[in-house]
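Colleague: based on what follows, work out the 3D shape:
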Amino acid sequence: MSDVFREIEEDLRRERLKHLATRFGPYVAGVAILAIAVVGGYAYFQSWQQDRREEAGNIFVAALNEARAGDVAKALETLDGEANADDGGYGILAAFAAAGIRSGNGEEQAAIAGWRLLAADSAVGRPLRDAATLLAAMHAMNRDEAPADLEAELAPLAGSGRPLSYLARELTALLALSQGDEVRAKEILTALVEDPQIPAGLRGRVSQLLDSLGS
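Modeller: Sure, this is the predicted structure:
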């Protein structure tokens, strides 16, 4: 009978860890989107074509306005068209925007596929490819994809000197939590907190998560 109680306790612990991973996941998303805005803006200025500037800008803004007005289908049609017509600048931002809108519209699998296409596109700058990889892995966490595969996807981003290294390591810890591996999650999070270079905001969030785990 004691074995039954131990199994129940272990199941409850796993559910608690999954809940924590789900709870803290949106924070990673918010920071990742901010990173996209920064590096995306840089890529936009670097790859602009003068003769396309006004036209592409108007198309992009029109699509965002369509999405805000609730015409998601029209917005996606516009953004997909711009992404296919322009292999840099607004085209890349249009592809990111389309994936984000699809995610917000409940089309998670299509959004993940869109981010992964960007991540695999050598024409896209490395910071944006990293951001796309991070977003794809984060949104795939709550689907049927194997956590080990998602960790492998994130591993290159977690290396020293990569712009999204801290976020990739944080998300790896959340993946460990989603599998009930509290020990490994604590190891990753503790290493993050002790890193002298970690941004203050992220340090606070990681400390909060460690506190939630009873560290």
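Colleague: and for residue 184, the neighbour number?
Modeller: 15 (other C-beta atoms under 10 Å). In short, each C-beta sits where N, CA and C put it, glycine included.
Colleague: which SSE is it in?
Modeller: helix 182-193 (DSSP states H and E).
Colleague: quick one: name whatever helix or strand follows that helix.
Modeller: Following helix 182-193 in sequence order, the next helix or strand is helix 200-212 (DSSP H and E).
Colleague: can you point out the buried residues in that following helix?
Modeller: By neighbour count with 16 or more other C-beta atoms under 10 Å, helix 200-212 contains the buried residues 202, 203, 205, 206, 209, 210.
Colleague: find the residue closest to the second one in space, skipping its chain neighbours.
Modeller: Nearest non-adjacent residue to residue 203, counting by C-beta to C-beta, 6 or more residues apart in numbering: residue 193, 6.0 Å away.
Colleague: what does the first one give?
Modeller: Using C-beta to C-beta, 6+ apart and skipping the chain neighbours, the partner closest in space to residue 202 is residue 166 (5.5 Å).
Colleague: flag every buried residue along the strand or helix carrying the one you found.
Modeller: Assigned by DSSP H and E, residue 166 falls within helix 165-178. Under the neighbour-count criterion of 16+ other C-beta under 10 Å, helix 165-178 has 165-178 buried.
Colleague: show me what the one helix or strand residue 77 maps to packs onto, helices and strands only.
Modeller: Using DSSP H and E, residue 77 sits in helix 72-85. Here helix 72-85 touches helix 53-68, helix 90-104, going by 3 or more C-beta pairs under 8 Å, 6 or more residues apart in numbering; DSSP states H and E.
Colleague: can you state the direction angle for the longest one and helix 90-104?
Modeller: Here helix 53-68 points in a direction 0 degrees away from that of helix 90-104 (axes from the mean of the first three to the mean of the last three C-alpha atoms, to 10 degrees).
Colleague: pull out the buried positions in stretch 123-134.
Modeller: Residues 124, 125, 127, 128, 129, 130, 131, 132, 133, 134 are the ones in stretch 123-134 that count as buried (16+ other C-beta under 10 Å).
Colleague: pull the most distant pair out of the residues you listed.
Modeller: The most widely separated members of those, counting by C-beta to C-beta, are 125 and 134 (14.4 Å).
Colleague: and among the helices and strands packed on helix 72-85, the most buried is which?
Modeller: Neighbour counts averaged per stretch over those are highest for helix 90-104, at a mean of 22; criterion: mean count of other C-beta atoms under 10 Å.
Colleague: distance from the chain centre to that one, please.
Modeller: Taking the mean of its C-alpha atoms, helix 90-104 sits 13 Å from the chain's own mean (C-alpha atoms, centre = their mean, to the nearest Å).
Colleague: if anything else comes up later, I'll come back, but that's it for now.
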